[in-house]
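Colleague: next come a sequence and a model predicted from it.
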Amino acid sequence: MTDRHWLYRPQNWPRLWKWGGVTLLFTVVAEFFVVLHAGFGFADWFAFSAVFGFASCVVMVVFAKWLGGWVKRPQDYYDADPSPEGAGATPARAPSELPPEPPPGSPPGSPPGSPPGQSTDSEAGSGGSRSRS
């Protein structure tokens, strides 16, 4: 038996609705006793904060639904077999098709068949010493 969190248990849902409604009712009733100092004239309207909060929530949900539909990918988006004709898709190469690795101890960038310690043509023909600062 899996013990789910108390918010997900169906027997608690009526209790959640009841206490949510009591909380919302309390915030509207509190406007009778609290002096509001609104920056705009319409913010002084009765229950403006409750209506504005509810409308903002509805707008966020509608926007999230629209955004989710806009960026949604097909269910098999990552399972699709890439083709060479696709945008920049490179077919995978078998290990036998990969270039051989250089021997251990050879300088970086040296050809795979060169012995260790031998410099490449670009290093040998550089025309003098280079100083690094």
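Modeller: Here it is on my side, so go on. Residues are numbered from 1 along each chain as shown.
Colleague: can you get me a residue count around S106?
Modeller: When neighbours are defined as other CB atoms under 10 Å, S106 has 19 of them. The way it works is simple: take the backbone N, C-alpha and C, and place the C-beta from them, glycine included.
Colleague: which secondary structure element contains it?
Modeller: S106 is part of no helix or strand, with elements assigned from DSSP states H and E.
Colleague: S56 too?
Modeller: Taking DSSP H and E as the criterion, S56 maps to helix 48-71.
Colleague: summarise which helices and strands that helix is packed against.
Modeller: Contact analysis of helix 48-71 by 3 or more CB pairs under 8 Å, 6 or more residues apart in numbering; DSSP states H and E lists helix 13-30 as its packing neighbours.
Colleague: show me the contact partners of the helix it packs on.
Modeller: Helix 13-30 is contacted by residues L7, A47, S49, A50 when judged by CB atoms under 8 Å, 6 or more residues apart in numbering.
Colleague: tell me which two in the residues you listed are the farthest apart.
Modeller: Greatest spacing in the contacts of helix 13-30, by CB to CB: L7 and A47 (27.4 Å).
Colleague: look at the two and report which has more neighbours.
Modeller: The residue with more neighbours, out of L7 and A47 and counting by other CB under 10 Å, is A47; that gives 13 against 8.
Colleague: who's in contact with the more buried one?
Modeller: So, once contact is read as CB under 8 Å, 6+ apart, A47 ends up touching V28, E31.
Colleague: in the helix holding S56, what's buried?
Modeller: Taking 16 or more other CB atoms under 10 Å as the neighbour-count basis, helix 48-71 is seen to contain the buried residues S49.
Colleague: hmm, who's touching it?
Modeller: Taking CB under 8 Å, 6+ apart as the criterion, the residues outside helix 48-71 that touch it are L24, T27, V28, E31, A38, F42, A43.
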